[in-house]
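J.: sharing a model that was predicted from the sequence below.
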Amino acid sequence: MKKILLIDDDKNLCHLLSSYLFSCNFSVQSVHNIRHALVVMNENKPDLVVSDIMMQDLNGYDLIKLLNLSDYLMYVPVIFVTAKGMTHDRIEGYNLGCYAYLTKPFDPKELVAIINSVLDHIELCSKSSTVLSSNDTCNSSHNLHDNFCFTAREKTILSLLLKGYMNKEIAINLNVGIRNVEKYVTRLLHKTNSRNRVELIRLFI
């Protein structure tokens with residue numbers, strides 16, 4: 001059962017949404033501020049976080065910034081569910097690294113569909129990463145990397161892609177510009193004759 005952490009200062013919404021998510025076979029814990037959420041996450045890391053943005057003291061944007069500073073929590077996916085529905089609000093959320101942005105009021109069925117999509121994507125990337133690691137232990141004649149004649153940097157970028165990293169996360173991890181990352185991703189797609197990232201990932205499953 002996947003663990004969902006719900007963060008919202010609206011206690012009534014937390015109760016209703018927790019009940020609904022539980023009925024959809026998720027394990028749900030709810031908290032009402034970011035500080036408490038960080039304590040809970042460090043004690044029992046969730047599979048995914050659903051968070052409001054507008055809260056007293058620290059807000060949802062602060063949450064992602066703090067998660068990005070933690071090696072233990074930085075890859076926990078965050079979905080924003082918020083009344084902040086302006087385009088610039090969504091852009092800020094995506095630029096920080098949220099996986100999805102849902103504006104209140106919303107249909108809880110849509111939220112569950114988003115959660116399942118995010119978790120399925122992460123599981124796919126995890127499986128791909130495991131297969132890639134297994135391939136790396138084989139001799140060079142059976143190594144997919146070598147078959148495609150990847151450079152060392154391309155191998156590094158590919159490994160991070162298969163772990164589910166986005167371009168911005170790769171850029172931060174490698175301390176390079178995001179346009180530089182985009183250039184290497186384009187090279188990987190070209191060398192593997194893949195139309196998009198999904199095809200690239202499936203190639204290594």
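T.: Cool, got the structure.

J.: pull out the buried residues from stretch 43-63.
T.: Across stretch 43-63, burial judged by 16 or more other Cβ atoms under 10 Å covers 46-53, 55, 59-63. Glycine gets a C-beta too; all of them are placed from N, C-alpha and C.

J.: ok, the closest residue to H32 other than its chain neighbours to G93 distance?
T.: Of all residues not flanking H32 in the chain, D9 sits nearest, at 4.9 Å (Cβ to Cβ, 6 or more residues apart in numbering). Distance from D9 to G93, counting by Cβ to Cβ, to the nearest Å: 18 Å.

J.: with V198 instead?
T.: When V198 is compared with G93 (using Cβ to Cβ), they lie 23 Å apart.

J.: which one's more surrounded, these two?
T.: G93 (22 against 11; other Cβ atoms under 10 Å).

J.: that one and S51 touch, don't they?
T.: No - using Cβ atoms under 8 Å, G93 makes no contact with S51, being 10.1 Å away.

J.: in stretch 109-118, which residues are buried?
T.: For stretch 109-118, burial by neighbour count (16+ other Cβ under 10 Å) applies to L111, V112, I114, I115, V118.

J.: now do the contacts for the closest residue to D47 other than its chain neighbours.
T.: Spatially, and ignoring its direct neighbours in sequence, D47 is nearest to K2 (4.5 Å; Cβ to Cβ, 6+ apart). Residues counted as contacts of K2 (Cβ atoms under 8 Å, 6 or more residues apart in numbering) are F26, S27, D47, L48, L119.

J.: do the same with M55
T.: I7, D8, D9, H32, N33, I34.

J.: now the residue most central in space within the chain. Nearest residue, chain neighbours left out?
T.: Nearest to the mean C-alpha position of the chain, counting by Cα atoms, centre = their mean, stands P77 at 3.9 Å. Counting by Cβ to Cβ, 6+ apart, the nearest residue to P77 once its immediate chain neighbours are dropped is Y99, at 4.4 Å.

J.: count of residues packed around the one you found?
T.: 22.

J.: close enough to count as contact, it and V118?
T.: Yes - counting by Cβ under 8 Å, V118 is a contact partner of Y99 at 4.9 Å.

J.: quick check: neighbours shared by these two?
T.: In terms of Cβ under 8 Å, 6+ apart, Y99 and V118 are both contacted by the residues P77, I79.

J.: where does the chain dip in pLDDT?
T.: 125-147, 205 (pLDDT under 70).

J.: tell me which residues of the host helix or strand of H190 come out buried.
T.: Assignment of secondary structure by DSSP states H and E places H190 within helix 178-192. Buried residues in helix 178-192, defined by neighbour count with 16+ other Cβ under 10 Å: V181, Y184, V185, L188, T192.

J.: cool, thanks, talk later.
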